[in-house]
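A.B. asks: need a 3D model of the sequence below.
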Amino acid sequence: MSAKTFVALFSGINVGGNRIVKMAELRTFFADLGFSDVATYVQSGNAVFRATKGDAAALTKQIEAAFEKKWGFHSRIMVRDLSWFERLVNENPYPEAAADHTKLHAYALEREPTAEEVARLAEKCTGPERFEVKGDVLYLSAPDGLGKSVFANLIPRVLKVPCTARNWRSVLALLEMAGKAGKN
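C.D. replies: Predicted coordinates:
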């Protein structure tokens, strides 16, 4: 059985000095679970790894349960495979925004939102931002940057679909890392 490459996106760790998880410890944690070619990217919790069995859903459950047991708190984790990242980048509806990584973000959604949920979110999008949902990804173009975006803060509450966001630089870096892991 050949190994497949996955990326785990953590939410709510190492934010504002809370729920600290060192990346070296996170790499060891993945290795101890039997995963190979483990690499992490920035402190907010992104891990690229290879697994010989399990799909993204099964791996999410396994890693979330083991993480909570080891660190004593819950972190929502989204596990996605390499092809998901390739599709995410290829389907970017805002290529003109991609040059400035602070102005383009991708949200990994736990599930595809309903048309009603997307419509409810669209009603709140009254500033300079634009967004588009494609399957279980929400693309957000925020011309003034995410930090100044009132709309960005509303997304999780209004959409009511668990999600975790990454800026475009992180998206591209994770895709590159996942692509290299697949060639090792």
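A.B. asks: skip ahead from the longest helix anywhere in the chain and say which helix or strand is next.
C.D. replies: In the chain, taking DSSP state H as the definition, the longest helix is helix 56-71. Note on helix 56-71: by DSSP states H and E, the next helix or strand toward the C-terminus is strand 77-81.
A.B. asks: Ala56 contacts Val79, doesn't it?
C.D. replies: Yes. With contact defined as CB atoms under 8 Å, Ala56 counts as touching Val79 (4.5 Å). Any C-beta I mention is one placed from the backbone N, CA and C, and that applies to glycine too.
A.B. asks: do a quick rundown of the helices in this structure.
C.D. replies: Using DSSP H, helices in the chain cover 23-32, 56-71, 82-90, 115-124, 150-159, 168-181.
A.B. asks: got these as JSON lines, with mean pLDDT and distance to Thr102 columns?
C.D. replies: As requested, those are exported to JSON lines (pLDDT from 0 to 100; distance: least, CB to CB, whole Å):
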{"stretch": "helix 23-32", "mean pLDDT": "94", "distance to Thr102": "22"}
{"stretch": "helix 56-71", "mean pLDDT": "95", "distance to Thr102": "28"}
{"stretch": "helix 82-90", "mean pLDDT": "95", "distance to Thr102": "17"}
{"stretch": "helix 115-124", "mean pLDDT": "96", "distance to Thr102": "21"}
{"stretch": "helix 150-159", "mean pLDDT": "93", "distance to Thr102": "12"}
{"stretch": "helix 168-181", "mean pLDDT": "93", "distance to Thr102": "8"}
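A.B. asks: per-residue pLDDT, Asp144?
C.D. replies: Asp144 is assigned a pLDDT of 92 by the prediction.
A.B. asks: separation between it and Ser44?
C.D. replies: According to CB to CB, to the nearest Å, Asp144 stands 21 Å off from Ser44.
A.B. asks: roughly how far does Phe73 sit from Arg157?
C.D. replies: 21 Å.
A.B. asks: neighbour count for these two, which is higher?
C.D. replies: Phe73 (12 against 9; other CB atoms under 10 Å).
A.B. asks: enumerate every residue touching the more buried one.
C.D. replies: Counting by CB atoms under 8 Å, 6 or more residues apart in numbering, Phe73 touches Arg19.
A.B. asks: returning to what we had before: looking at Ala56 and Val79, which one has more neighbours?
C.D. replies: Using other CB under 10 Å as the criterion, Ala56 and Val79 rank with Val79 on top: 24 against 16.
A.B. asks: show me which of Asp144 and Ser44 is the more surrounded one.
C.D. replies: Shown here are Asp144 and Ser44; by other CB under 10 Å, Ser44 has more neighbours (20 against 13).
A.B. asks: skipping adjacent residues, who's closest to the more buried one in space?
C.D. replies: Asn14 (5.9 Å; CB to CB, 6 or more residues apart in numbering).
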